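1. Give me the fold of what follows.
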Amino acid sequence: MACAFAYGNSGFFLLRSTNTHKQSSLRYPMAAKVRAESMATEKHGIKVENNPPESKISQLGIRQWPKWGCPPSKFPWTYSSKETCYLLEGKVKVYPDGSKEFVEIGAGDLVEFPKGMSCTWEVSVAVDKHYKFD
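-> The predicted model follows:
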């Protein structure tokens, strides 16, 4: 059997595994991701980490932060201080002022909005989140 591995923030991942037996190597290649990786991005100053590990959620004390929610809606918002939030439910397109592009966030995302940012929230699926202002 031949295997290919890659290393990411959350450990090693099996990228490809094929049986080296002549007959099955072409007929039955298999690919498997051993562990879901947390991936962080930044766009327009908004930092988004998809599916952070439970250890990070516990370390930050997220489950003790206040909660906030809203139904599907569209509204402007300005951050008077940095906000970090963790979405339990929902789907939102955040349009920073002066940009036609958006940053999409949803359930399982750990998000950081910078102090002073003005934007418009377009909520397509009701939001339930933990949040903290610094």
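
2. tell me the pLDDT at the most centrally placed residue in the chain?
-> In the chain, the residue lying closest to the centroid (CA atoms, centre = their mean) is residue 50, at 1.9 Å. Taken from the predicted model, the pLDDT recorded for residue 50 is 96.

3. Tell me the bridge partners for it.
-> With beta bridges defined as DSSP bridges, residue 50 has these partners: residue 39, residue 109.

4. How about residue 73?
-> Applying DSSP bridges, one finds that residue 73 bridges with residue 123.

5. tally of neighbours for it?
-> The local packing of residue 73 (other CB atoms under 10 Å) involves 12 other residues. In this view, the C-beta of every residue, glycine as well, is placed from N, C-alpha and C.

6. does residue 81 count as helix, strand or coil?
-> Three-state call for residue 81 (DSSP: H, G, I helix; E, B strand; the rest coil): coil.

7. now residue 57
-> At residue 57, secondary structure determined by three-state DSSP is helix.

8. wait, isn't it in contact with residue 51?
-> No - the criterion here is CB atoms under 8 Å, and residue 57 misses it with residue 51 at 10.0 Å.

9. got any ranges where the chain has weak pLDDT?
-> Counting by pLDDT under 70, the chain shows low-confidence ranges at 1-37.

10. Show the residue spans covered by the helices in it.
-> Under the criterion DSSP state H, the chain carries helices at the ranges 22-27, 54-60.

11. And the longest one, how far out from the chain middle?
-> Right, the one you point to is helix 54-60. On the basis of CA atoms, centre = their mean, to the nearest Å, the separation between the geometric centre of helix 54-60 and that of its chain is 14 Å.

12. Remind me what that helix packs against, helices and strands.
-> The elements that helix 54-60 packs onto, with contact taken as 3 or more CB pairs under 8 Å, 6 or more residues apart in numbering; DSSP states H and E, do not include any helix or strand.

13. Okay then, goodbye and thanks.
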